[in-house]
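Undergrad: based on what follows, work out the 3D shape:
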Amino acid sequence: MDNDAEMLKRIGNQITDLQVKYRALPLNEQMAVYPALKQLLEEYARYQAKLLMIGIITTESDLKEIKRLQKLVDEAAHTMEMLIAIGKLISFIVVRV
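TA: Now for the predicted structure:
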């Protein structure tokens, strides 16, 4: 498997993991996560198109970085407290606007 194919696989798996975690959140917390997740999906679609071009653009350094980021995705429950706080704040404001 070339580096670009490996990158597609790794990022795709991480995005799927994030989407599963997102679906498990209560609705008010989803509100906080949705814009970022939507933007990630849009950016990933553009990146996928770029990776389909002829030639390999993903370096070994890129793969090392995405492996490092996998750890952040896996540990997302630890940062969820911050997202929960943001989501509740957004919910609080949105209800009152």
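Undergrad: hey, where'd the helices end up in this protein?
TA: Under the criterion DSSP state H, helices of the chain are mapped to 3-24, 27-51, 60-74, 76-96.
Undergrad: per-residue confidence at residue 60?
TA: Each residue has a pLDDT score; the one for residue 60 is 92.
Undergrad: please read the previous query as pertaining to residue 91.
TA: You'll see residue 91 listed with a pLDDT of 48.
Undergrad: which residues touch the residue nearest to the spatial centre of the chain?
TA: The chain has residue 15 as the residue nearest its centroid, 4.8 Å off, counting by CA atoms, centre = their mean. With contacts defined as CB atoms under 8 Å, 6 or more residues apart in numbering, the neighbours of residue 15 are 40, 41, 44. Any C-beta I mention is one placed from the backbone N, CA and C, and that applies to glycine too.
Undergrad: could you list the low-pLDDT ranges of this structure?
TA: Along the chain, the model assigns pLDDT under 70 to residues 76-97.
Undergrad: ok, 90 please
TA: Residue ranges of the chain with pLDDT under 90: 1-2, 4, 7-8, 10-59, 61-97.
Undergrad: I figured residue 73 hits residue 20, correct?
TA: No: counting by CB atoms under 8 Å, residue 20 is not a contact partner of residue 73; they are 10.6 Å apart.
Undergrad: of those two, which one has the most company?
TA: For residue 73 and residue 20, the more surrounded residue by other CB atoms under 10 Å is residue 73, and the numbers stand at 16 against 9.
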